[in-house]
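>>> Turn this into a model:
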Amino acid sequence: MKSVWVYSESESVSNEVASAAVGVAEGAGAMVQVVDIGASRPGAFSPGGKLLLKGPHPDITPALAAEALARAARELQPLVLLTGATRTGREIAARFAAKMRVGCMAEVANLSADGASFSGDRNVFAGKVVARVSCQFPAAATVKVGSYPKMAAGEGVVQEKEVGEVSDPVRVVGREKKAAGAVDLKSAKVIVSAGRGVKKKEDLPMLEELASEMHGALGCSRPLSADLGWLPEEHHIGLTGVTVKPDLYLAVGISGQLQHVAGMKDSKVVASINTDKDAPIFQASDYGIVGDLYQLVPALRKALASRAR
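Coordinates of the predicted model:
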């Protein structure tokens, strides 16, 4: 039977991409197979069973993963390989597509299939326009992370495939755990996001405490993470950062450039605080207050405290 392959270095992302794969498989009359390399991961679910590729070295680099997937694909002929649009997922999908000489769609959502092709929505012009793009089978695609619910179904039957030893010009000499933000922004229902309106790093705890009091998480615009280094990059929301869609997004001192709005425009409710009444963020907001965050944030915290009593 025809198959739609799902692969991700992250079990959590794999479970989300598997949800995207279901729509493609239904339209193409195929089954979904989650692919593991080296060892089966019990937390990665698949409704159509798993495909375990055996043989590669346990240090799975993107180049090694792409080669192992391509070797198996040449024999098993999947319709499409779907990966998460993470840094690693993008590299694997691109390498796989080049090896297989097939098309590759980048960062797509709302996937569907019709006969010999499949389609998806992709943000272009910094999220100002949504384009419907399509590609003929066989192909590869990266799925926009955060656009699908995580699948929580059974594994099905595990099929094993020997792909042999795979060489990689990159040699892993060690691994170190990367410092990460304390909260997963993708799962947060409320996000308080800080921008350049915050005058100094020492003022961030005020917003972090507000986020905590609202049972939410602290995010930021690119300058605070990439330029100033006040927060880890995992807090950066925008075109080159994390894409989020919480129930409430509170932008504090953020001007609202297109690159930032592209990462939060799908939020259910957007509220903004800015001293500039002409700030672009107000165009993307359901509610807006023109004022000084150093006066408004304490007032908001006080109001929340009084309601909690």
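>>> Only C-alpha atoms, please: export stretch 202-211 in PDB.
What follows is stretch 202-211, C-alpha atoms only, in PDB (Å, rounded to 0.1, in the frame of the first residue of the first chain):
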ATOM      1  CA  GLU A 202      16.300  44.300  35.000                       C
ATOM      2  CA  ASP A 203      12.700  45.300  34.100                       C
ATOM      3  CA  LEU A 204      11.900  41.900  32.500                       C
ATOM      4  CA  PRO A 205      10.900  40.300  35.900                       C
ATOM      5  CA  MET A 206       8.000  42.700  36.000                       C
ATOM      6  CA  LEU A 207       6.600  41.200  32.800                       C
ATOM      7  CA  GLU A 208       7.600  37.700  33.800                       C
ATOM      8  CA  GLU A 209       5.600  38.000  37.000                       C
ATOM      9  CA  LEU A 210       2.600  39.400  35.000                       C
ATOM     10  CA  ALA A 211       2.800  36.400  32.700                       C
END
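>>> let's have the chain start at 26 instead
Sounds good: first residue 26 from here, last item stretch 227-236.
>>> If we go by neighbour counts, what in that stretch is buried?
228, 229, 231, 232, 233, 235, 236 (16 or more other C-beta atoms under 10 Å). The way it works is simple: take the backbone N, C-alpha and C, and place the C-beta from them, glycine included.
>>> Check stretch 324-334 too.
Residues 325, 326 are the ones in stretch 324-334 that count as buried (16+ other C-beta under 10 Å).
>>> Give me the mean pLDDT for that stretch.
The average pLDDT within stretch 324-334 is 85.
>>> for the protein, which spans come out with low pLDDT?
Residue ranges of the chain with pLDDT under 70: 68-69, 72-73, 81-84, 151-152, 178-181, 192-193, 203-208, 333-334.
>>> Pull out the buried residues from stretch 247-260.
Buried residues in stretch 247-260, counted by 16+ other C-beta under 10 Å: 247, 248, 249, 250, 255, 256, 258, 259, 260.
>>> mind listing what the second one touches?
It stands for residue 248. Listed by C-beta atoms under 8 Å, 6 or more residues apart in numbering, the contact set of residue 248 reads 220, 221.
>>> Three-state assignment for it, please.
For residue 248, the assignment made with DSSP: H, G, I helix; E, B strand; the rest coil gives helix.
>>> Work out for me the element the residue nearest to residue 321 when sequence neighbours are not counted sits within.
Spatial nearest neighbour of residue 321, excluding adjacent residues (C-beta to C-beta, 6 or more residues apart in numbering): residue 298 at 5.4 Å. Secondary structure from DSSP states H and E places residue 298 in strand 294-299.
>>> For that strand, which residues meet the burial criterion?
295, 296, 297, 298, 299.
>>> need the contact list for the fourth one.
Residues in contact with residue 298 (C-beta under 8 Å, 6+ apart) are 222, 275, 276, 277, 278, 313, 314, 316, 318, 321, 322.
>>> Can you name the residues bridging to the residue nearest to residue 321?
residue 277, residue 314 (DSSP bridges).
>>> Same question for residue 143.
Under the criterion used (DSSP bridges), residue 143 bridges to residue 138, residue 160.
>>> mind listing what's buried in the helix or strand where residue 97 lies?
Using DSSP H and E, residue 97 sits in helix 87-101. Residues 87, 88, 89, 90, 91, 92, 93, 94, 95, 96, 97, 98 are the ones in helix 87-101 that count as buried (16+ other C-beta under 10 Å).
>>> what does it contact?
Contact with helix 87-101 is made by 28, 30, 32, 34, 60, 62, 76, 78, 80-82, 106, 113, 116-117, 120-121, 124-125, 163, 186, 188-189, 191, 193-195, as judged by C-beta under 8 Å, 6+ apart.
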